[in-house]
Each structure stands twice: as C-alpha cells, then as structure tokens.
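K.L.:
Dropping the sequence and predicted coords here.
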Amino acid sequence: MDSGRLSRLRPSVLVPLAVAVLALAACVDQLARAHALLGSDEYDDGVYLGAALRLVNGAVPYRDFTFLHPPGIILLLSPLAALARWTGSRAFTGEARVLTALVASANAGLLASLLRQRGTAAMLIAGGTLAVFPLAVAADHTVLLEPYLVFFCLLGATAMFSGDDLASRKRLVLAGLAFGFASAVKIWAIFPFVVALACCARRFRRSGGPLLVGAVGGFTLPSVTFFLLAPTHFVRDTIVLQLWRARSADRAPGFRLLNITGLVGLPGLHATVELALIVAVVFVLIVVCAYLVPPWTSRLDWFALGSAFATVAAILVAPDFVPHYAYFTAAFLALLLGVSSARLLRAASDWAASRDTAAGRMVAQAQEIVVVVVAVLLAVAFGEGRRLIRDQPWRVTLGDPGPPIAHAIPKGACVVTDEPAFTIIADRFVAHSDNCPTMVDSYGEWLAADRKHPPPSPGPYDPGLVSEWRSWFSAADYVVLTSQFRIPWTPALRSWFASHFELVSSESARVYRARRQ
C-alpha cells in the first residue's frame, strides 16, 4: 500500500468503519441462528413487509388497508417487494432482514463519524456503545422501524454539522430532507428534529429556514400521494391512532428505564429498577460535569444534549412501549456519552498542559489510555452480546412456519390471516385474484375500529369490525390463524366460521379451507 493510501486511513475513517463492522458482526451472528433469517418471532415485521407487498401489487395503504405509520418504510422496502414477484415473498423476508442488519451497522458508523472532530475516543465510545447496546438485538434482528428511523436521523445530523458548527445552507437543506424522511418512517423523528431546529434559533433565516424547508419536503414528498388518495384515513392512522392509543398496563416508567439503560438485556445480571436508577444518575452526573467545564458548548453539544433528553422523555411518556423502542434512545444517549467524554478528555488535557509535572504528563496521555480501555470493554461487551443473542429470555422464536403452510395452501389462493409474517414466509401472502381482501394488520384494523378497547379486549366488540372480518372470511379460500386475541370472536362469528371452514393443518399455524357449496 502506497503512502497516499496510508494517509487516508486515519482514525476518522478507521474508527467508524471498525464500529460498523462490529455492529454488522453482531447482526450476522444473530441471523446465523436457526430460523433467524426465515423464521417468525415478530408481528410487526410481517405488517411492514406485507404493506410493501400490497403496494407493489396495486393496493394503496390508508385507502385500501390500515397502516399505523407514515409510508416511509413501505417505500424503502418496495424495491425488494417488487423483486419478490420473481423471487417469492419468502426470499423477500430474508433480503429485508439482511438490509436491516446493514442499516444497523451503518448507524454505528454514522454515529462515530458525526464525532470525527472530537477525537478517536469520542468516536469509539459513541459508535461502539450503539454497536454493542444489549437491546439492539430487539430492533435489528428483523424488519422494525427503529434502525431506519435512527439511520435517517443520523444522516440528518451528519449533514447538519460541519465540525462543531452548522454546515452550509445547501447541507442544511439535505439535513432537513433526511430528518423529514425519518419522520416519514416514524413520527418520533420530530423530537430530534425540533432540537436540531432549536440549534438554529440564533440564525434562523440563514440556518433554520433551509433546515425547515428540507424537513417539510422530506416528509411531504413521500407522503403526499397517499394523503391525497385517502386524507381522512391517512391522518387517522398516522396521527390520531398513535396519539390516542390506550396506555400499556404493564409498561411502568421503571420497566422502560431498565430497557433504556440496556440492563434488562444483559445476561446473568439481576437487573432492578434501583440499579437502573443508579446507572441513570451516574450517567447524568457525567454529563453535568462534562457540560460545566469550559469551553462553552457548541451547537453539536447542544444537539447531543437536547436530542438525548427529548427522546428519553418521549419514550417515558409514550402510550405504549416494547423493548425495541430503546434502540431509538440508545443512539442519542450514545451520542451524548461520546460528546461528554470528549469534553472531559479535552478539559483534562488542557489542565495537564498547564502543568509541567509527571502527573500532568500522565494525564496528557489519558486519551490514548481511554481508547485502549474502551476497546477492551467493547470486546467484552461484544462477547456478552453474542451470549445475549443466543439466550435472550424474552425472545420466542417460533421457527420456520413456511413449509407446512405452503404444503397446505396452493400458490395463488386467497388467504386471510391474523399474522401476515406466516403467509409471507410461506410465499402465500399474494393472491392471484383481484377480489381477495387486502387487509394486512389485524391489530391495526381493530384500533381503527375501536381505539379505546384495543385487543385483547373481552368485548363487546364493534359491530362494524365484526362485520368486516366476516366479509374477509367470506372472500377467502384459506384462513391462517395463530392467535385468538386479534379477531373479535363473537359467538355468532364463531358459529358462522365453523360452518364455513374446515381445519386442514395445525403444524405451524391453524390452516382452514373454505367449504365451497
């Protein structure tokens, strides 16, 4: 390798690449497990994959079926969904999960790159923390929104800042586009975006205006067509149902804090709310100490602090919570940790430079020592992460449901299901008939009909929802059921279903065939 190439391999390139490879290795390790690439252990991924398949086959979200998020993830998956016309939806599932692994690895690299002006230690701490965050496994093992949401938020932050200050107007427009599209993936992107906009407050016409224009464009361009085709349902699905969902009864702040800190995912650790509080207090003290030392904070410092605070606050008060939400906060907490570490190391170096003593010279070398220590800690965390992936207590892998379902149902038949992932993996999700129901999300359909009594509600059930399910069943050649709680089973509907369908398989799911007269 010549000297020119060697000169380009500086820490600002090597560290982001290293943490990205680390994150990718963790994803590859989990996808290499039995049934991880083509198995079923989530409900949400089937909804996102199914919505993309519906779109490329002519059905429009919000107008033809309920979809509880903006259309960003559907558009991102659409190229692979279009390819599934030739490769099949089973291959589409594996391809989409590999794509998510690549996005998760890019997130760690982007986070490190964002702090390239702060030194090797800051890059390694921020990017490495996200790469080995214990509950990353909950977000990047299949197609979920959080890795894509974080990816576009970090793209926006990277474009927004040039070193510690704001970038040019052109880059601020690009940053706004990225933040806007992040909101089109999941509306939560509004929290870091508002912080980014606040960082431009002192020069709003020059900086805030381009950022805001870009963000409006980034959200509007992918969304406007769907809004115009079904304005009422678009607003209902993406805003109303998200804001007014019933609060989870078993998702107290203590449980959320355990997930935000990542303690709940560490194997062999008896994580308690008290321990999570101690970790949170220590983290806050580190941040306070870092932000009290001179020099005064830059806009990047304020963005790191504000985005971490805003995202954590949003997660703590959100109506619902599941473990993969913690990946969203982890990205901004890792950024804040990297910024705080850089500030403390710089303060220590400045103090040492003013003292020509042995102690001063030792402190001056602290940055290199920190890098080595962090590298060792990352290696240990990665080893624990690998064990976490194998032994995750809350992950229930249901295996590969595809072959039994594919054997029971002929290709092209009209299938209605309460679990789209099963029929997608079996390559039985897309029907040849244009009259087959386009419903994707059975849970979302219930919320759209009666958001105040979400499943598993014991009833009474909304008559319109019951009628809708009967019409879907009536049009189906086959029905694939995996649970009882996403369908409003009234006695009348049960009786009607039993008289019109017969069980033909129960190996991986209950497969029913219509009794045609």
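P.N.:
Nice, thanks for sending it over.
K.L.:
May I have the phi/psi pair for F65?
P.N.:
Backbone torsions for F65, taken as degrees, to the nearest 10, come to phi -160, psi 150.
K.L.:
same check, this time on A476
P.N.:
phi -90, psi 140.
K.L.:
Spatially nearest residue to it (excluding sequence neighbours)?
P.N.:
The shortest distance from A476 to any non-neighbouring residue, by C-beta to C-beta, 6 or more residues apart in numbering, is to V416 (4.1 Å). In short, each C-beta sits where N, CA and C put it, glycine included.
K.L.:
swap in F133?
P.N.:
Here the residue nearest F133, using C-beta to C-beta, 6+ apart, is A330, at 4.5 Å.
K.L.:
what about the one you found, which SS state?
P.N.:
At A330, secondary structure determined by DSSP: H, G, I helix; E, B strand; the rest coil is helix.
K.L.:
just checking, it touches G262?
P.N.:
Yes. Contact criterion C-beta atoms under 8 Å: A330 and G262 qualify, at 7.0 Å.
K.L.:
anything in contact with each of the two?
P.N.:
Contact criterion C-beta atoms under 8 Å, 6 or more residues apart in numbering; residues shared by A330 and G262: 133, 135.
K.L.:
And the residue nearest to V60 when sequence neighbours are not counted, how far from I73?
P.N.:
Among residues not flanking V60 along the chain, L229 sits closest, at 5.5 Å (C-beta to C-beta, 6+ apart). Per C-beta to C-beta, to the nearest Å, L229 is found 18 Å from I73.
K.L.:
Looking at those two, which is more packed in?
P.N.:
I73 (24 against 14; other C-beta atoms under 10 Å).
K.L.:
Within the helices and strands, which one has the more buried one?
P.N.:
Take DSSP states H and E as the rule and I73 turns out to sit in helix 72-87.
K.L.:
average pLDDT for stretch 279-286?
P.N.:
With pLDDT averaged residue by residue, stretch 279-286 scores 93.
K.L.:
could I have it exported to CSV, CA atoms only?
P.N.:
Presented in CSV, the C-alpha positions along stretch 279-286 are these (Å, rounded to 0.1, in the frame of the first residue of the first chain):
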residue,chain,number,x,y,z
VAL,A,279,-26.9,3.9,36.3
ALA,A,280,-29.1,6.8,35.1
VAL,A,281,-27.8,9.0,38.0
VAL,A,282,-24.2,8.2,37.2
PHE,A,283,-24.8,9.0,33.5
VAL,A,284,-26.4,12.3,34.4
LEU,A,285,-23.5,13.2,36.7
ILE,A,286,-21.0,12.5,33.9
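K.L.:
Enumerate the positions of it that are buried.
P.N.:
279, 283, 286 (16 or more other C-beta atoms under 10 Å).
K.L.:
Where does the second one sit, in terms of helix or strand?
P.N.:
For F283, the enclosing helix or strand under DSSP H and E is helix 273-292.
K.L.:
helices or strands up against the next helix or strand along the chain from that helix?
P.N.:
Tracing the chain past helix 273-292, the next element assigned as helix or strand by DSSP H and E is helix 299-317. Applying 3 or more C-beta pairs under 8 Å, 6 or more residues apart in numbering; DSSP states H and E, one finds that helix 299-317 contacts helix 145-160, strand 161-162, strand 165-166, helix 190-198, helix 253-261, helix 273-292, helix 326-353.
K.L.:
Distance to L38 added to the ones you listed, as a markdown table?
P.N.:
As requested, the helices and strands packed on helix 299-317 are exported to a markdown table (distance: least, C-beta to C-beta, whole Å):
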| stretch | distance to L38 |
| --- | --- |
| helix 145-160 | 19 |
| strand 161-162 | 40 |
| strand 165-166 | 45 |
| helix 190-198 | 34 |
| helix 253-261 | 27 |
| helix 273-292 | 35 |
| helix 326-353 | 23 |
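K.L.:
hey, which of these is tucked in deepest?
P.N.:
Burial of the helices and strands packed on helix 299-317 is given as mean neighbour count (mean count of other C-beta atoms under 10 Å); helix 145-160 ranks first at a mean of 25.
K.L.:
gap between the residue nearest the centre of the chain and A182?
P.N.:
The residue lying closest to the centre of the chain (C-alpha atoms, centre = their mean) is E146, at 1.2 Å. Taking C-beta to C-beta as the measure, E146 and A182 are separated by 11 Å.
K.L.:
how about the strands of the stretch 351-500 of the chain, start to end?
P.N.:
415-417, 478-481 (DSSP state E, counting those that start in this stretch).
K.L.:
Now render these as JSON lines, adding distance to G208, mean neighbour count and mean pLDDT.
P.N.:
As requested, those are arranged in JSON lines below (distance: least, C-beta to C-beta, whole Å; neighbours: other C-beta atoms under 10 Å; pLDDT from 0 to 100):
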{"stretch": "strand 415-417", "distance to G208": "47", "mean neighbour count": "25", "mean pLDDT": "96"}
{"stretch": "strand 478-481", "distance to G208": "51", "mean neighbour count": "24", "mean pLDDT": "96"}
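K.L.:
looking at the ones you listed, which is closest to S467?
P.N.:
strand 415-417 (14.5 Å; C-beta to C-beta).
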